[in-house]
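*Asks:* Sequence first, then the predicted structure:
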Amino acid sequence: RKMTANRETSALLVVATVLLLSISYASSSTPSGGMSMFEISTRPWLYNLSLTYGRTISTLSDIPDQEFQYIADLGFDIVWMMGVWTLGEYGLNFDRTNSDLLSHYSDVLPGYTTDDIIGSPYAVVNYTCNPELGSDDDILAMRKKLNSMGLLLMLDYVPNHSAVDCDWTTTTPDNYVRATKGTQPPYDSTRYLPNGIAYGWAGWGDAWFDTAQINIWNPDTRAARTAEVMKVASLADAIRFDMSFLLLNDQFEQDWGQQVNSWGYTRPATEWYTDMISTVKSQYPDLILLAEVYNPDEPIMQGVGFDYTYDKQLHDRLGADDLGSVRDWISGNTNEFAVHSAHFISNHDEERGATFFGTWWKSDAAAILTYCMPGLRFFWMGDFEGYSYQLDIHLRREEDEQAISDAMSFYHTLLSIVNTEVFKQGTWQYMDVSGDNTPLIAIHWTYQSQKRLCVVNYSDQQQGWGTIVLPDAAPVNGNDTIRVTDLLSGTVYYRSAQQMQTQGLNVGVNSWYGSIFEY
């Protein structure tokens, strides 16, 4: 379901910049510096746990406590259990018979079997627990367990579409977009079901043939969808909204305005998200909301009330190895935008970091910069191991590969650094780095007396050098020589605080790596 087309143009960037300066952000209970979230693809994870433990682990109640405790011990705040809702036979049959999908499975999982195809978690029939995983009570029990460990539970909501075999497609067809009124069947099979209901669609490319497109301009549908979100909120501490931008009024009008207008539905005066979030947060004020969204709609989604929005721009600019573009993106956004953004190396929609960035060590370099940013620090199962092979959302497993011990060691060290008070409660600042053609990028954090300086050499320059002026460097007990520790390597340096304040700290970093200094 990921956004693979580049929707960015110069004009849109101008619009986005204006929006960033003009929107008002919703109040939030999220920490000022950020949070860390670990995404788990639930059914594949349970399949893998069964292999690991040598016994059947197929329901939420079967999950060993130590698995969640391990995540808590790494310092995470949120566990996103992706894909817990009830699915239908239609979607599973489609996923097991569509020739394009079968060809794709052969590419990502050679030798797959029919049993490996478990159905897309984004063709939801209804928002009750998938019976294969247990019941709503089991979700609540899991949430209680997570909360006792200091973890919050995130679940999905898919606002743009439902499964084709959702009851609404027969009981309440007005909840869906339909072919323009007066159009006679047979309908265009690339856009519509035989009954005239539109397939879910992103406004470009092929439709999603296992889904039906919601009509968010129908007031009754808006109320029904809000009620569904309230149901999810009763089971979770946080909700991630799939492809959320597709239901913004401008986007919906562009994609479906002609069809819904013909049936008498007109553009609402307000965004559904504004109204829905106000209603839901009146009952669940601490609920955390994450929007999957792409450029240039991120500031709009923040403005309607989402606590966090995807920042795929940082991900893609890092992937393009364009230092100037990365610097422009980080330094050009407002603080409010950054702290409400979700930063990631990979997720279930994206290629694995080692594949996208080219090598696992380039991915790790990108991770240092990505996770030293504020906002939601978004990790995906398989990141730590340095995996290259994709776990497709329709499958219960990916191709086997050996975990890379150096990558695992790196992530455990990085997590011990960024999952701390200074990065969660502190304030951040993009720092200028002086030096001829320096490949270094720097970010500064401070919280009370704690200070951190993150410096990344995001290039193949064997050793990148640069100087960073640090006005907050101060003598300790009257001693101008202070301790500067690289938390990633453990190396300790001693430098003059006055020189750091005035001339700056001279830093050298090896290619595709970084340092996180405590001073």
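*Replies:* Ah, there it is.
*Asks:* CA only for contacts and neighbour counts going forward, please
*Replies:* Will do.
*Asks:* the bottom helix or strand of this protein by mean pLDDT?
*Replies:* helix 10-22 (a mean of 36; mean pLDDT, DSSP states H and E).
*Asks:* C-terminal to that one, what's the next element?
*Replies:* strand 34-41 (DSSP states H and E).
*Asks:* That following strand: which residues count as buried?
*Replies:* Neighbour-count burial for strand 34-41, with 16 or more other C-alpha atoms under 10 Å as criterion, is recorded at 34-41.
*Asks:* now, among these, which is nearest to Phe517?
*Replies:* For the buried residues of strand 34-41, the residue nearest Phe517 by C-alpha to C-alpha is Gly34; the value is 19.0 Å.
*Asks:* what does the longest helix seen in the chain rub up against?
*Replies:* Of all segments of type helix in the chain, defined using DSSP state H, the longest is helix 219-235. Contacts to helix 219-235, defined as C-alpha atoms under 8 Å, 6 or more residues apart in numbering, come from residues 127, 136, 139-140, 143, 155, 157, 159, 174-175, 214-216, 239, 272, 276, 279-280, 284, 287.
*Asks:* coming back round to it: now the buried residues of strand 34-41 in CSV, with pLDDT and distance to Tyr199?
*Replies:* Listed next are those as CSV, based on pLDDT from 0 to 100; distance: C-alpha to C-alpha, whole Å:
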residue, pLDDT, distance to Tyr199
Gly34, 97, 37
Met35, 98, 36
Ser36, 98, 35
Met37, 98, 32
Phe38, 98, 31
Glu39, 99, 28
Ile40, 98, 27
Ser41, 98, 25
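*Asks:* quick one: which of those is nearest to Ser496?
*Replies:* Looking across the buried residues of strand 34-41 and measuring by C-alpha to C-alpha, the closest to Ser496 is Gly34, at 31.1 Å.
*Asks:* quick one on the thing from earlier: what's the next secondary structure element after the longest helix of the chain?
*Replies:* Going down the chain from helix 219-235, the next helix or strand is strand 238-241, by DSSP H and E.
*Asks:* and that next one, what other elements does it pack with?
*Replies:* Contacts defined by 3 or more C-alpha pairs under 8 Å, 6 or more residues apart in numbering; DSSP states H and E place strand 238-241 against strand 152-157, strand 288-291.
*Asks:* hang on, Met373 is in a helix, isn't it?
*Replies:* No: assignment of Met373 by DSSP: H, G, I helix; E, B strand; the rest coil gives coil, placing it outside any helix.
*Asks:* and it, what are its phi and psi?
*Replies:* Main-chain dihedrals, Met373, degrees, to the nearest 10: phi -80, psi 160.
*Asks:* I'd assumed Ser341 was in contact with it.
*Replies:* No: the criterion here is C-alpha atoms under 8 Å, and Met373 misses it with Ser341 at 9.1 Å.
*Asks:* With respect to Phe357, which of the helices and strands packed on strand 238-241 lies nearest?
*Replies:* Phe357 lies closest, by C-alpha to C-alpha, to one member of the helices and strands packed on strand 238-241: strand 288-291, at 24.1 Å.
*Asks:* Just the buried residues of the contacts of helix 219-235.
*Replies:* Among the contacts of helix 219-235, the ones that count as buried (16+ other C-alpha under 10 Å) are 127, 136, 139, 143, 155, 157, 159, 174-175, 214-216, 239, 272, 276, 279-280, 284, 287.
*Asks:* Inside helices: which ones of those?
*Replies:* The members of those that map onto helices under DSSP H are 136, 139, 143, 272, 276, 279-280.
*Asks:* could you pull out the strands for the stretch 101-250 of the chain?
*Replies:* Secondary structure of the stretch 101-250 of the chain (DSSP state E, counting those that start in this stretch): strands located at 124-129, 152-157, 161-163, 199-200, 208-213, 238-241.
*Asks:* Check the stretch 301-450 of the chain too.
*Replies:* Along the stretch 301-450 of the chain, the stretches classed as strands by DSSP E, counting those that start in this stretch are 308-310, 341-344, 375-380, 427-431, 440-447, 450-457.
*Asks:* can I get the ones you listed in CSV with distance to Gln503?
*Replies:* Output for the strands of the stretch 301-450 of the chain, formatted as CSV (distance: least, C-alpha to C-alpha, whole Å):
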stretch, distance to Gln503
strand 308-310, 37
strand 341-344, 32
strand 375-380, 31
strand 427-431, 14
strand 440-447, 16
strand 450-457, 16
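*Asks:* Mind checking those for the one nearest to Phe357?
*Replies:* Among the strands of the stretch 301-450 of the chain, strand 341-344 comes nearest to Phe357, with 12.5 Å by C-alpha to C-alpha.
*Asks:* Check which helices and strands the closest one sits against.
*Replies:* strand 308-310, helix 312-319, helix 360-371, strand 375-380.
*Asks:* That strand - what's its average pLDDT?
*Replies:* Strand 341-344 comes out with an average pLDDT of 98.
*Asks:* Please apply the same query to stretch 186-202.
*Replies:* For stretch 186-202, mean pLDDT is 98.
*Asks:* Met149 against Glu67, yeah?
*Replies:* No: the criterion here is C-alpha under 8 Å, and Met149 misses it with Glu67 at 11.3 Å.
*Asks:* Can you point out the helix or strand that includes Gly257?
*Replies:* Assigned by DSSP H and E, Gly257 belongs to helix 249-262.
*Asks:* Other residues contacting that helix?
*Replies:* Outside helix 249-262, the residues within contact range by C-alpha under 8 Å, 6+ apart are 177-181, 203, 215, 217, 245-246, 266-268, 271.
*Asks:* from these, which has minimum pLDDT?
*Replies:* Within the set of the contacts of helix 249-262, pLDDT is lowest for Gly203 (95).
*Asks:* How many neighbouring residues does the residue nearest to that residue when sequence neighbours are not counted have?
*Replies:* Closest residue to Gly203 apart from its sequence neighbours, by C-alpha to C-alpha, 6 or more residues apart in numbering: Asp255 at 5.5 Å. Neighbour count of Asp255, defined by other C-alpha atoms under 10 Å: 16.
*Asks:* What of Val476?
*Replies:* Per other C-alpha under 10 Å, the neighbour tally for Val476 reads 11.
*Asks:* got it, and the one 3 residues further on?
*Replies:* By the criterion of other C-alpha under 10 Å, Asn479 has 10 neighbours.
*Asks:* Bridged to it, which residues?
*Replies:* Per DSSP bridges, the residues bridged to Asn479 are Val476.
*Asks:* What's the per-residue pLDDT of it here?
*Replies:* Value for Asn479, per-residue pLDDT: 97.
*Asks:* try Ser29
*Replies:* Looking at Ser29, its pLDDT reads 73.
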